[in-house]
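K.L.:
I would like the atomic coordinates for the input below:
(2 chains)
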2 protein chains.
Amino acid sequence: MTPRNNHRQPEGDVNPITASPDDSPAGLRSRPENTHFRKAVDEMEGYTPGEQPKRVGGWIKLNTNENPYPPSPKVSEALASFAAGCLRLYPDPECREVRGFLAELHGVGIDNIIAGNGSDDILTMVMRSFVSEAGVCACPDPTYSLYPVLASIQGARCEPIPLEPDFSFPANFAEKASGASLVLIPRPNAPTGTAFDKLALENFRRDFRGVVLIDEAYADFADDDCLDLAVKYPNVIVSRTLSKSYSLAGARFGYAVASEELISGMMKVKDSYNVNALTQAAALAALKDRAYFEETVAKIRATRKQLVKELLGMGFEVAASSANFVFAQPPDGDAGRLYAALKEKGILVRWFSSSAATQSRVRITVGTDDEISALLSAIRQLVVAGT
Amino acid sequence: MTPRNNHRQPEGDVNPITASPDDSPAGLRSRPENTHFRKAVDEMEGYTPGEQPKRVGGWIKLNTNENPYPPSPKVSEALASFAAGCLRLYPDPECREVRGFLAELHGVGIDNIIAGNGSDDILTMVMRSFVSEAGVCACPDPTYSLYPVLASIQGARCEPIPLEPDFSFPANFAEKASGASLVLIPRPNAPTGTAFDKLALENFRRDFRGVVLIDEAYADFADDDCLDLAVKYPNVIVSRTLSKSYSLAGARFGYAVASEELISGMMKVKDSYNVNALTQAAALAALKDRAYFEETVAKIRATRKQLVKELLGMGFEVAASSANFVFAQPPDGDAGRLYAALKEKGILVRWFSSSAATQSRVRITVGTDDEISALLSAIRQLVVAGT
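P.N.:
Numbers count the residues shown, from 1 in each chain, chains lettered A, B, ... in the order given. Below is the predicted model:
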């Protein structure tokens, strides 16, 4: 079995041209002889770097949940005025300035916050903190495909717990997760865009003996969030990223909020200088510009509303989205055909073909109004042509 | 036992004021009740963030091996012309442009190179790739104090192998390391500054069944390096950083060179987007400015030569340095007194008090000529006063 290029397709793949449409669950590879690697690493399917052709213009890229708007102009200013001479010195290993701002923003203490090199770094810290080699974690299914990969690197198993057919939180989640020391729950979830019932999560937490990581990468696009649960309960961690709502995917800044006990333990696990000085400056500038942030999020929510309305009008089934993307089933249920036809027209959406729970839908990132208009025109042509 | 602030004193600590002089080896903490953490994490001594007072001017900071010169002016230019709008997109997960340049620079293939968020990130990847929970790695003693911490996070043991009294590579290294799946060997070594005999390393590699990581963080200041061993042998990895010789500690860029087999396995272990877009741009600009790099390194080597000569003249014993620091024993052997007296005068050097092998010496980073003149004047006063 040769390594596949598409298993660990990261959220923000920059190579839409060669990317495969789906992301299959991790399989086991046969182990090579004379290997130096840990068995877990040998046997996992890793992200095998494929070709990286230069970014080709002309595509409408609605496949990776990037923000269609640039980051706040304050980020440019911060970078333009950054004294490059300071780069000879190590960055603040504790990101105290950014964490101080976040603490005020969220009304928590600075010791309730840890910063990461993107929220993927936070996820790695969480996995390394709470799941042993040969241990077990759990996550909903379908969900962010990185979770099982992180478990594999740790030499652990990730138990996928099927959602209800309407993508809601299953009543048997606690029972199914009982053997896990960590559960990873995105809210809003990806690729469904749905936000699990908050009370259901809170109740699950009560019955669960391990740590609950609520991954709020998309929470800024939702009506509510779970930060209060991280403050209230000693086994809840909420993670956030500046990649989506602050348009800073390229800068890599994520963070987590939790009890001082959990944060101080995770501090031991993190790389000393995990967030570089440039990113600390960019993150602080973006966070401080509240007006720009609120405006951008409001634009995306408005465009999302319009997109959902139009898709419903054309007979699509659309999961209620609390994120910057929608998960939609075309009238004929042939998502593969839709994905391919849109690609023909230069419009990239995401199709997760490997699972029965997802293969009848496409995931569409909310772009600018112009991009979404172009998408809707293309879909209208296809749907009319198909009928 | 309360957490200590000084155990995981990172190389580039930015808080010289509150930093303790030494870095003690990792001890075991008693395990708290009701913990969610892995046993390994609970029991390790982590870097407990201490106070971070604002950077205080007026210090001559020769304690963290930072480069006294700013990065190449090309770095400022690259950052000034960086289109911040691009930060909305994910960075190249494979760092192909920087790796392509490095491949040409070193005469290897791009698939022989992996990029990291600083070389500490490379060290983490190596630990996670080759050492299992409850596994064993080994390193020289004394050496970079991060190695045993990385082993602890992994739940593994790090076997310290004592160097010869003159800090040379011990003849029994292979025998002592025989139970390890990975050895970490800095060349030049820290804090001694000495470069182990290359042939001795090559012979050790031959007899060793595991992976040999040669940490070349300081190799640009040495007369030779071991890159050829990484090309030649399937169990050798050489790591490098732009923190020291390229003055980019704040930007976090490191890399490793090894066989395609080792690199492709490590690619599975690394975080997808471990190097942000700003750092990729800064690293490329710094690497391309060969003239500036060579000039800076030559200046530091010249200052080092002068520093060693003067110290020898005052009766110090100085280990032969191939790095941007020297490891020197004062005539009376009282390094603690020298450390404290210099601090009184506003000059920070490093004193590793916890080990018999290091406690009679101070480690002095090679600063500018002016900084080193001030240091030498201060030492001269102290030595004269002391006699």
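
K.L.:
Residue A:253 is in contact with residue A:283, correct?
P.N.:
Yes. If you go by CB atoms under 8 Å, residue A:283 and residue A:253 touch, sitting 4.1 Å apart. Where C-beta positions appear, they are placed from N, C-alpha and C, glycine not excepted.

K.L.:
Give the intersection of the neighbour lists for those two.
P.N.:
Taking CB atoms under 8 Å, 6 or more residues apart in numbering or on different chains as the contact rule, residue A:283 and residue A:253 both touch A:98, A:242, A:275.

K.L.:
Now for the closest residue to residue A:330 other than its chain neighbours: which residues touch it?
P.N.:
In this structure, residue A:330 finds its nearest non-sequential neighbour in residue A:338, 4.9 Å apart by CB to CB, 6 or more residues apart in numbering or on different chains. Residue A:338 makes contact with A:330, A:349, A:351, A:362, A:379, A:382, according to CB under 8 Å, 6+ apart.

K.L.:
Going by contacts, tell me the helices and strands next to the helix or strand containing the fifth one.
P.N.:
I take that to be residue A:379. Here residue A:379, judged by DSSP states H and E, is contained in helix A:369-386. Judged by 3 or more CB pairs under 8 Å, 6 or more residues apart in numbering or on different chains; DSSP states H and E, helix A:369-386 is in contact with strand A:60-61, helix A:290-313, helix A:335-344, strand A:347-348.

K.L.:
Tell me which residues are up against it.
P.N.:
Outside helix A:369-386, the residues within contact range by CB under 8 Å, 6+ apart are A:60, A:62, A:68, A:303, A:306-307, A:310-311, A:314-315, A:330-332, A:337-338, A:341-342, A:345, A:347, A:349, A:364, A:366-367.

K.L.:
repeat that with 10 Å
P.N.:
A:60-62, A:68, A:299, A:302-304, A:306-307, A:310-311, A:313-316, A:328, A:330-332, A:334, A:337-338, A:341-342, A:344-347, A:349, A:362, A:364-368 (CB atoms under 10 Å, 6 or more residues apart in numbering or on different chains).

K.L.:
show me where the stretch 201-350 of chain A has helices.
P.N.:
Counting by DSSP state H, counting those that start in this stretch, one finds helices in the stretch 201-350 of chain A at the ranges A:227-232, A:260-269, A:277-288, A:290-313, A:335-344.

K.L.:
roughly how far apart are residue A:280 and residue A:255?
P.N.:
Using CB to CB, to the nearest Å, one gets 12 Å for the distance from residue A:280 to residue A:255.

K.L.:
intersection of neighbour lists for the two?
P.N.:
Common contacts of residue A:280 and residue A:255 (CB under 10 Å, 6+ apart): A:95, A:98, A:99, A:115.

K.L.:
what about the third one, which helix or strand?
P.N.:
Going back to what we said before, that points to residue A:99. helix A:96-106.

K.L.:
List the buried residues in that helix.
P.N.:
Residues of helix A:96-106 classed as buried by neighbour count (16 or more other CB atoms under 10 Å in any protein chain shown): A:96, A:98, A:99, A:101, A:102, A:103, A:106.

K.L.:
will you turn the residues you listed into CSV that also has pLDDT?
P.N.:
Output for those, formatted as CSV (pLDDT from 0 to 100):
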residue, pLDDT
A:96, 96
A:98, 98
A:99, 98
A:101, 98
A:102, 98
A:103, 98
A:106, 98
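
K.L.:
Out of these, which comes closest to chain B?
P.N.:
Nearest to chain B out of these is residue A:96 (CB to the nearest CB; 5.3 Å).

K.L.:
Leaving out sequence neighbours, find the closest residue to residue A:285.
P.N.:
Computed as CB to CB, 6+ apart, the closest residue to residue A:285 that is not its neighbour in sequence is residue A:78, at 3.7 Å.

K.L.:
low-scoring stretches of the stretch 51-200 of chain A, by residue?
P.N.:
The stretch 51-200 of chain A contains residues with pLDDT under 70 at A:51-56.

K.L.:
can we see that at 80?
P.N.:
Where the stretch 51-200 of chain A drops to pLDDT under 80, the residues are A:51-57.

K.L.:
For chain B, give me its nearest residue in it.
P.N.:
Counting by CB to the nearest CB, the stretch 51-200 of chain A gets nearest chain B through residue A:90, at 3.1 Å.

K.L.:
Residue A:179 is in contact with residue A:158, isn't it?
P.N.:
No. Using CB atoms under 10 Å, residue A:179 is not in contact with residue A:158; the gap is 11.7 Å.

K.L.:
list residues touching both of these two?
P.N.:
Residues touching both residue A:179 and residue A:158 (CB under 10 Å, 6+ apart): A:136, A:137, A:138.

K.L.:
which residues in the stretch 51-200 of chain A form helices?
P.N.:
Secondary structure of the stretch 51-200 of chain A (DSSP H, counting those that start in this stretch): helices at A:73-80, A:96-106, A:119-130, A:146-154, A:173-176, A:198-207.

K.L.:
Out of those, which one sits most buried?
P.N.:
Among those, helix A:119-130 has the highest mean neighbour count (mean count of other CB atoms under 10 Å in any protein chain shown), at a mean of 26.

K.L.:
residue in the stretch 201-350 of chain A nearest to chain B?
P.N.:
Nearest to chain B in the stretch 201-350 of chain A, going by CB to the nearest CB, is residue A:268, at a distance of 2.5 Å.

K.L.:
any idea whether the nearest residue to that residue once chain neighbours are set aside is helix, strand or coil?
P.N.:
Spatial nearest neighbour of residue A:268, chain neighbours left out: residue B:46 (2.5 Å); criterion: CB to CB, 6+ apart. Look at residue B:46: counting by DSSP: H, G, I helix; E, B strand; the rest coil, its state is coil.

K.L.:
Quick check: residue B:46 touching residue B:40?
P.N.:
No. Residue B:46 is beyond contact range of residue B:40, at 11.1 Å (criterion: CB under 10 Å).

K.L.:
Spit out the residues that contact those two alike.
P.N.:
Common contact partners of residue B:46 and residue B:40 (CB under 10 Å, 6+ apart): A:269, B:152, B:153.

K.L.:
closest to residue A:260 among these?
P.N.:
Nearest to residue A:260 among the shared contacts of residue B:46 and residue B:40 is residue A:269, at 15.3 Å by CB to CB.

K.L.:
Around that closest one, count how many other residues there are.
P.N.:
By the criterion of other CB atoms under 10 Å in any protein chain shown, residue A:269 has 23 neighbours.

K.L.:
what does the one 10 residues further on give?
P.N.:
Residue A:279: 29 surrounding residues under other CB under 10 Å.

K.L.:
Let me see the contact set for the nearest residue to residue A:112 once chain neighbours are set aside.
P.N.:
Excluding its sequence neighbours, the residue lying closest to residue A:112 (CB to CB, 6+ apart) is residue A:257, at 5.6 Å. Shown in contact with residue A:257 (CB under 10 Å, 6+ apart): A:102-103, A:106, A:108-109, A:112-114, A:214, A:216, A:226-231, A:236-240, A:263.

K.L.:
and with 8 Å instead?
P.N.:
For residue A:257, the contact set (CB under 8 Å, 6+ apart) comprises A:106, A:108, A:112, A:113, A:227, A:230, A:231, A:237, A:238, A:239, A:240.

K.L.:
Many thanks, have a good one.
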